[in-house]
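In: Sequence and predicted structure are below.
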Amino acid sequence: MKQATIRNLHRDLGYFYIGLIISFAFSGILMNHREMWHPEKYTIETQSIEVKLPEESQINDEYAENLAKELGIKDKFRRQMVKKGNFKISFEKHDVEIDMETGKGEIVSFNKTPIISQTMKLHKNTSNWWIYYSDIFGISLIIIAITGALMIKVGNKTFNKRGWKLAAAGLIVPFLILLFV
């Protein structure tokens, strides 16, 4: 492939995907830390409640959904569990946590964080057209990486003289993470 063609392909793919690269990088950073804080949600209201709970053996998904109706929660049910003496129910826009002994608890209502929730949606989208577009994007990133490595043909900073060492060093961290984490 000619040097000019490699440069043009590298440049044009880089320009075309710059917005998607930044969006994916930004939402990827947020996704990496989603267990420490809920970047997709922010609290808008906390409401104290007190309910009479049955024995733990009688608590199941159906009970959780019925309790939600009694509490006025109408959004999508996700899961329920009893953990460390607390009954927890998770919904799309609400979390409920109730102490099993006292029946006292709270309902936390959430809204989506503007911009952040939309960019994080890119990582979670499973529609066919998005999957194919993301596959093309992934292939384009591979092409951008290869053409970037092949662009410099003269001097001591070429891929053959120095670049392959940096590329190998860059592969060590992900390789170690795959082995030990």
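Out: Sure, I can see it.

In: who's in contact with Tyr42?
Out: By CB atoms under 8 Å, 6 or more residues apart in numbering, the residues touching Tyr42 are 110-111, 113. Where C-beta positions appear, they are placed from N, C-alpha and C, glycine not excepted.

In: Top of these by number of neighbours, please.
Out: When those are compared by neighbour count (other CB atoms under 10 Å), Phe110 ends up highest, at 18 neighbours.

In: Not counting its neighbours along the chain, what's nearest that one?
Out: Spatially, and ignoring its direct neighbours in sequence, Phe110 is nearest to Lys41 (3.8 Å; CB to CB, 6 or more residues apart in numbering).

In: Against Glu62, how distant is the one you found?
Out: Per CB to CB, to the nearest Å, Lys41 is found 26 Å from Glu62.

In: The two: which has the busier surroundings?
Out: Higher neighbour count among Lys41 and Glu62: Lys41, with 19 against 10, using other CB under 10 Å.

In: just checking, that one touches Pro114?
Out: No: here Lys41 does not reach Pro114: they are 11.6 Å apart, not a contact under CB atoms under 8 Å.

In: list the buried ones in the helix or strand bottoming out on mean pLDDT in the chain?
Out: Lowest by mean pLDDT, DSSP states H and E among the helices and strands of the chain is helix 116-124, with a mean of 74. Within helix 116-124, the residues that count as buried by 16 or more other CB atoms under 10 Å are 116-117, 119-120, 122.

In: Right, I'll leave it there.
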